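> The following comprises the amino acid sequence and a computationally predicted model.
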Amino acid sequence: MNRLLNGVRATALVLFAIVFVSTAMPLQNAAFSDDAGAAAQPPDSKTPFATDPVVLYDSDAQFKIDQAEEEKERQEEAAVTTDAPSNVVFVGDAEGRPDGSVVDEGDAADESESADLNFELADDESSFDILDQVAPYDEGQKTCDVLIDMRHAHDFSDYPLTLDDRYYHRIYSFHRAFSYLKSQGVRVEKYESDEPLSPQVLSRCKTLFLNLPSGDKAPFFVSEIIAIRDFVEAGGSLFLIVDHTNCYFHQSRLHPLLHELDVEPQFYCVCDADQSLGSSGVGWIYIDTFDAHPITQGLRQIAFQTGGGVDPRFAVAWSGPSSWQDAAGIPIYGEADVGFFGNFIRDQNEPIGPSGVLLAKNQKEGKIVVVGDQNLFSPFFLQYLDVYRLWINAFAWTLDRPELADVSKYVEYARQGRVLICWEELMRGADRFGDPDPSGYYHLYSTLCRYYNAFCVAHDDPELDSEVLVVLHGGETYSQEGFDYAYKRLKEGKTLVVVDPQDDVFDNEKTELSRLLQELQNKDDIANDRSVSAGRSPVKKYVEPITLSNGGRLVLVRGRDSFNNSSVPKPEERLLFVQMENLKVLLHEIDSSFESRDQPAPENEESEKTEVRADQEGEEKSALSE
């Protein structure tokens, strides 16, 4: 009997197990459904289990719910598409993102895609296929020619150089450089959004401009690196400015992007004792070796204010044969000045010889330009030597607009102000306007750039002329080209202003001024005996003018103190009252020379400068009395 009972129990247990498993299967399928809130279907069935006793599913009701949700999504998408303009607004007050920029449908899709893909790229190579499907560069989609990237770098190009501004980053901005491009119809916009750069954003420009990425700005996301790479390879251009070593951590920021563009970053400062602008320093150098390329057309010399190198495989400009790669002294964790300078001494392990300082590279259908110094295009060096030619050449090439490289148009634009020319002698031992050391005259030249549209030349440029030429000392350290340049200007009846002349500048027959007067008297009979005798007298007054018979003037200007860097403060420092009084002696003579040649200042320019000068003098007097 017990055996019979045990058999019945076993049979009952088996039947119960069968019933339990059959009722549990729909629960299991529902738990792993891809659609939350919808019952899963068996692998071989296309209809839900309508009779399932555990998961109740009303197919008609669910269909209506799904329809309503889809209709709501369509209405929301239609509202975004209708409200947003066809062009992305990078800066403004429009509704959209918190910063005022507007998201269009394409941007929204791309950003959500990028957010998801950023976590998948490391494990799923197929994710690259989605990012690589970027629309080809379309000329018709452009809303600007140059897009300045402010997401990854700072930009102060909105700030013009004024008489009283002393904030370093503003006074070294690219305002003057971009102002010329804008005058030629180049459309320049800024990207200030916190959202990553996307293919849709980049498709609206021809050239992406990136000036020295900084460690305090956003890093490059993977999606941005791919977008920039594809933008360039599809026909866009990248204009990139780097600097010495890894200052502001810019090379660390750029390294992943440069890797995708097949460009090697360089972590050193280019130093050169033989081609140094300074009397003792080796970081401020001039460069005079160029390969043939559209961006180097017409260049004879450019200069760096302590710059870095570029990938030598694609370099088109080179430092001198005695230059070396000065390594940065970066301690552990970067616990140092973020400027990251080297020691400016040629150490045994540092390579010597020419280094690439300017890069131009074709990247499939697009173009890349890399310049090794940030201060190169500041208002103080833009018109120093041939730097302005490099600027217009580079954009003529990257924008495919060869007319931008026309030097005559740039000079015509510069003539909206008073063009002042300073002569720079690059021979050894000469004092220079580009010299930052105490005996140099860079502080004076940067001050002249505030008052005039100053150019500093080291060769006779037929495109460039002025009624006033400024030279230093007038002594023996002048090349034949420098002598011929000054002689030509005086012969044409123009004014030659000599700053800080030597006491015996006319006693030595080998000095430039003695030779000039003798040449003008003997060959051209412009300098009469009275002029020559006046020149032979010692220079005792602050201003010693010598007038020639053709109207030309030779003006010797000596201030109460010297005009060199030891007496004139840096561009970022304010002038004291006594320094301003000293400077007024020179400014007065230059202004008088322009006025005597019937070349008045543009309307409002002179009155504005007079007011600022008066304000400066009042402030300095007050500070001095205190």
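Alright, I've got the coordinates. Residues are numbered from 1 along each chain as shown.

> tell me which helix or strand of this protein sits lowest on mean pLDDT?
None of the helices or strands of the chain scores lower by mean pLDDT, DSSP states H and E than helix 127-132, at a mean of 33.

> Run through who's touching the helix or strand just after it.
Next helix or strand after helix 127-132 toward the C-terminus (DSSP states H and E): strand 146-149. Around strand 146-149, the neighbours that count as contacts under CB atoms under 8 Å, 6 or more residues apart in numbering are 90, 155, 157, 178, 181, 186-191, 197, 201-202, 204-211, 239, 395, 399. Quick note: C-beta positions are derived from backbone N, CA and C, even for glycine.

> Can you tell me the SS state at Val369?
strand (DSSP: H, G, I helix; E, B strand; the rest coil).

> how deep is it tucked in, by neighbour count?
25 (other CB atoms under 10 Å).

> same question, the one 5 residues further on
Counted with other CB under 10 Å, the neighbours of Gln374 add up to 25.

> Need the per-residue pLDDT for it.
Residue-level confidence at Gln374 comes out at 95, pLDDT.

> ok, now Tyr542?
81.

> my guess is it meets Leu556, correct?
No. Taking contacts as CB atoms under 8 Å, Tyr542 lies outside contact range of Leu556: 9.2 Å.

> So which of the two has more stuff around it?
Leu556 (24 against 15).

> Quick check: beta-bridge partners of Val270?
Judged by DSSP bridges, the bridge partners of Val270 are Gln325.

> Compute the number of surrounding residues for it.
29.

> Equivalent analysis for Asp164, please.
Neighbours of Asp164 (other CB under 10 Å): 12.

> can you pull out the helices in the stretch 151-300 of the chain?
168-171, 175-183, 199-202, 222-233, 250-260 (DSSP state H, counting those that start in this stretch).

> Would you mind giving those helices as JSON lines with mean pLDDT and distance to Thr495 added?
Output for the helices of the stretch 151-300 of the chain, formatted as JSON lines (pLDDT from 0 to 100; distance: least, CB to CB, whole Å):
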{"stretch": "helix 168-171", "mean pLDDT": "97", "distance to Thr495": "28"}
{"stretch": "helix 175-183", "mean pLDDT": "98", "distance to Thr495": "25"}
{"stretch": "helix 199-202", "mean pLDDT": "97", "distance to Thr495": "51"}
{"stretch": "helix 222-233", "mean pLDDT": "98", "distance to Thr495": "49"}
{"stretch": "helix 250-260", "mean pLDDT": "96", "distance to Thr495": "44"}
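
> For Arg489, which of those helices is the nearest?
Taking CB to CB, helix 175-183 is the member of the helices of the stretch 151-300 of the chain nearest to Arg489, at 25.1 Å.

> For that closest one, which helices and strands make contact with it?
strand 188-191, helix 387-398, helix 407-414 (3 or more CB pairs under 8 Å, 6 or more residues apart in numbering; DSSP states H and E).

> so can I have JSON lines of those showing distance to Phe249 and mean neighbour count?
Putting these into JSON lines (distance: least, CB to CB, whole Å; neighbours: other CB atoms under 10 Å) gives the following:
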{"stretch": "strand 188-191", "distance to Phe249": "21", "mean neighbour count": "19"}
{"stretch": "helix 387-398", "distance to Phe249": "25", "mean neighbour count": "24"}
{"stretch": "helix 407-414", "distance to Phe249": "34", "mean neighbour count": "16"}
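
> wait, which of the ones you listed is closest to Ser173?
Here strand 188-191 is closest among these (CB to CB), at 12.8 Å.

> now that closest one, how far from the centre of its chain.
13 Å (CA atoms, centre = their mean, to the nearest Å).

> pLDDT weak spots in this protein?
1-140, 525, 527-541, 598-626 (pLDDT under 70).

> ok, now with 90
1-142, 279-280, 328-342, 427-430, 462-463, 473-479, 502-544, 559-560, 596-626 (pLDDT under 90).

> That one - how does it break down into domains?
28-64, 105-407, 417-625 (automatic domain parsing).

> Now for the residue lying closest to Gly366 once chain neighbours are set aside: which residues touch it?
Once flanking residues are discounted, Gly366 sits nearest to Val232: 3.7 Å by CB to CB, 6 or more residues apart in numbering. Listed by CB under 8 Å, 6+ apart, the contact set of Val232 reads 238, 261, 363-364, 366-368.

> May I have the phi/psi pair for the nearest residue to Lys409 once chain neighbours are set aside?
Spatial nearest neighbour of Lys409, chain neighbours left out: Gln184 (6.9 Å); criterion: CB to CB, 6+ apart. Phi and psi for Gln184, reported as degrees, to the nearest 10, are phi -100, psi 20.

> dump the residue contacts of Gln184.
Counting by CB under 8 Å, 6+ apart, Gln184 touches 403-404, 409.

> Now do the residue nearest to Ser214 when sequence neighbours are not counted against Arg176, distance only.
Once flanking residues are discounted, Ser214 sits nearest to Tyr248: 4.5 Å by CB to CB, 6+ apart. Remark: distance between Tyr248 and Arg176 (CB to CB, to the nearest Å) = 23 Å.

> and if you look at Glu195?
30 Å.

> same deal with Gly551?
32 Å.

> quick one, which of the two is more surrounded?
Legend: neighbour count by other CB under 10 Å for Gly551 and Arg176, higher for Arg176 (21 against 13).

> just checking, Gln325 touches Asp347?
No. Counting by CB under 8 Å, Gln325 does not reach Asp347; the two are 10.0 Å apart.

> of the two, who's got more company?
Gln325 (23 against 11).

> Which residues are in contact with the more buried one?
Here Gln325 is in contact with 266, 268-271, 309, 350-352, 355 (CB under 8 Å, 6+ apart).

> So of the residues you listed, which two are at opposite extremes in space?
Gln266 and Ile352 (15.2 Å).

> Which residue lies nearest the spatial centre of the protein?
Asn211 (3.7 Å; CA atoms, centre = their mean).

> For the residue lying closest to it once chain neighbours are set aside, give me its contacts.
Closest residue to Asn211 apart from its sequence neighbours, by CB to CB, 6+ apart: Ile241 at 4.6 Å. Applying CB under 8 Å, 6+ apart, we find Ile241 in contact with 210-212, 370-371, 373-374, 376-377.

> go again using 7 Å as the cut-off
211-212, 371, 374 (CB atoms under 7 Å, 6 or more residues apart in numbering).

> Same check on Asn375?
172, 305, 381.

> about what we covered before: quick check, the residue nearest to Ser214 in contact with Gly334.
No. Using CB atoms under 7 Å, Tyr248 is not in contact with Gly334; the gap is 10.9 Å.

> ok, the two, which is more surrounded?
Tyr248 (21 against 13).

> How much space separates that one from Ile241?
Taking CB to CB as the measure, Tyr248 falls 12 Å from Ile241.
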